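Participant: Structure of the sequence below:
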Amino acid sequence: MIRFLVRRVLQGLLVIWFITLILFATFYIAPSNVAQTLGGRQATPQTIALINQRLGLDRPLYEQYLSFVGNALRGDLGYDYYKQIPVTQVIAEALPKTLSIAIGAAIIWLIIGVTNGVLSATRPRSFLDRGLTVFALFFYSMPTFLLGLLLLFFLYFQLTLAGVKIFPAGGFVPFSASPGQWLLHMILPWITVALVSAAAYTRLTRTSMLEVLGEDYIRTARSKGLSERRVVLRHGLRSGLTPVVTQFGIDVAGLVGGVIVTEQVFSIDGLGRTSVTAITQQDQPVIIGIALLGTVAVVVANILVDIAYAFLDPRVRLN
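Facilitator: Alright, predicted model coming up:
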C-alpha cells in the first residue's frame, strides 16, 4: 500500500513539474517583451523596469526558471500590477468563494446522483427508472447559465415581487461574518451546479450498478440469503462506485479552478470570475497563479481518487 501511494505521489509531482515547464515557456519565453506582458497594457516604464529587476529577466533562462519554481514553492506567485497586491492575496480573497460553491454543490450532486442511480439500477425499466432517466437527461441538457437565470427569476425576482424575500440576487457573504447570510447566498449557486452535475452522476451510477449487479458474486450473495438491501449497498455499491469516484475527483478539481459560469451569473468574485477578468486585462501573473493552483488541485484530486480506489478495490493495490 505504501509503495502504491509513493508511486502515485511521485507521478503527481512529475506532472506538476511538467506543467511548470509549460507555463514558464508560455509566459517567459514565448513573449518578445516578458516584462511588458506581465505588467499589462497599462504598465509604465518604471513598472517594466521593476518587473525586470524583480524577476531577473536579464539572467540566463535556466536561472529564471529556477527562480520561478523556487518562488512558487515558497508561496510567491508573483505580483498583480493592476491591483498592486501579491497574486497570493488575490487568490486568498477569491478561493473561499469558489470553495464555498464547489464543496456544497459537490455534496448535493453526489447524494442526488448516487441515490437516483442506485434506485434506477435496482428497478430497471420501471416507471421510477424512466422518470429518473428523464430527470437526468433534462438537467444534463440544461446550460448552467440558463438554469441559474431561471432560479434567479423565479426564486428571487418573482418571490420578491410577491413580497417574499428569501433569496438574495447574488453576491457573497463570508461564513465568518454571518453563517445564515452565507447559506442564503449559496443555496441558488449550489442548486445550479448540483442539478446539472447530478444528472451525469445518475446515469453513471445506474450504468455501473447494472453491470455490477449482474456479476457472479452478487448472485452468490443473494443465494446465501442476504437481504437485497445489504447485497446492493454493501456488495454492489462498493464496486459500482469506482467510476463515480473517478468522475467526482475530476469534477471537484475542475470546480476548484473556478466555477466560471455560475460565478458570473450570481456575481461572485471567485477564482473563475477572477481568471476571466485577468485574461481580459492580460494580467499574466494572476493567470499563472490560478493555472498553478488548478494544476495542483487536479493532481491532488487524482491522488485522492487512487487512494479511494485502493480501499474500494483491493486489487488496485496489487497492480
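Participant: alpha carbons only for contacts and neighbour counts from here, please
Facilitator: Will do.
Participant: what about the helices in the stretch 151-300 of the chain?
Facilitator: Here the stretch 151-300 of the chain has its helices, by DSSP state H, counting those that start in this stretch, at 159-161, 179-212, 216-223, 228-230, 237-240, 242-256, 260-265, 271-281, 284-312.
Participant: Give me the below-cutoff pLDDT ranges for the stretch 1-150 of the chain.
Facilitator: 1, 31-32, 40-41 (pLDDT under 70).
Participant: Please enumerate the helices of it.
Facilitator: Using DSSP H, counting those that start in this stretch, helices in the stretch 1-150 of the chain cover 2-24, 34-39, 45-55, 61-73, 87-122, 127-140, 144-151.
Participant: Now do the fourth one against helix 2-24, angle only.
Facilitator: Helix 61-73 and helix 2-24 meet at an angle of 120 degrees, taking axes from the mean of the first three to the mean of the last three CA atoms, to 10 degrees as the criterion.
Participant: do the third one as well
Facilitator: Angle of helix 45-55 versus helix 2-24, following the same axes, to 10 degrees, is 150 degrees.
Participant: Kindly state the domain boundaries assigned to this protein.
Facilitator: Residue ranges for the domains of the chain, per automatic domain parsing: 2-87, 90-318.
Participant: any idea which of those is most buried?
Facilitator: domain 90-318 (a mean of 18; mean count of other CA atoms under 10 Å).
Participant: in the stretch 201-319 of the chain, which ranges drop under the pLDDT threshold?
Facilitator: Using pLDDT under 70, the stretch 201-319 of the chain drops low at 257-258, 313-319.
Participant: Any chance of a markdown table for the helices of the stretch 151-300 of the chain, columns distance to Arg8?
Facilitator: Shown next, in a markdown table, are the helices of the stretch 151-300 of the chain (distance: least, CA to CA, whole Å):
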| stretch | distance to Arg8 |
| --- | --- |
| helix 159-161 | 51 |
| helix 179-212 | 25 |
| helix 216-223 | 30 |
| helix 228-230 | 33 |
| helix 237-240 | 21 |
| helix 242-256 | 15 |
| helix 260-265 | 30 |
| helix 271-281 | 27 |
| helix 284-312 | 6 |
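Participant: Which among those is found nearest to Arg125?
Facilitator: helix 179-212 (11.6 Å; CA to CA).
Participant: Pull the distance from the closest one to the chain's centre.
Facilitator: 13 Å (CA atoms, centre = their mean, to the nearest Å).
Participant: What is it packed up against?
Facilitator: Applying 3 or more CA pairs under 8 Å, 6 or more residues apart in numbering; DSSP states H and E, we find helix 179-212 packed against helix 87-122, helix 127-140, helix 144-151, helix 237-240, helix 242-256, helix 260-265.
Participant: redo that, cut-off 6 Å
Facilitator: Applying 3 or more CA pairs under 6 Å, 6 or more residues apart in numbering; DSSP states H and E, we find helix 179-212 packed against helix 87-122, helix 127-140.
Participant: Touching the shortest one from outside, list them.
Facilitator: It refers to helix 127-140. Identification of contacts with helix 127-140 by CA atoms under 6 Å, 6 or more residues apart in numbering yields 120, 196, 199.
Participant: for the second one, what are its contacts?
Facilitator: Applying CA under 6 Å, 6+ apart, we find Val196 in contact with 139-140.
Participant: From Val245, how far off is Thr220?
Facilitator: 26 Å (CA to CA, to the nearest Å).
Participant: Actually, Asp80.
Facilitator: 36 Å.
Participant: Same check on Pro86?
Facilitator: 35 Å.
Participant: ok, now Leu150?
Facilitator: 30 Å.
Participant: Which residues lie in contact with the residue positioned nearest the centre of the chain in this structure?
Facilitator: Nearest residue to the geometric centre of the chain (CA atoms, centre = their mean): Leu255, 2.0 Å. Going by CA under 6 Å, 6+ apart, Leu255 touches Ala102.
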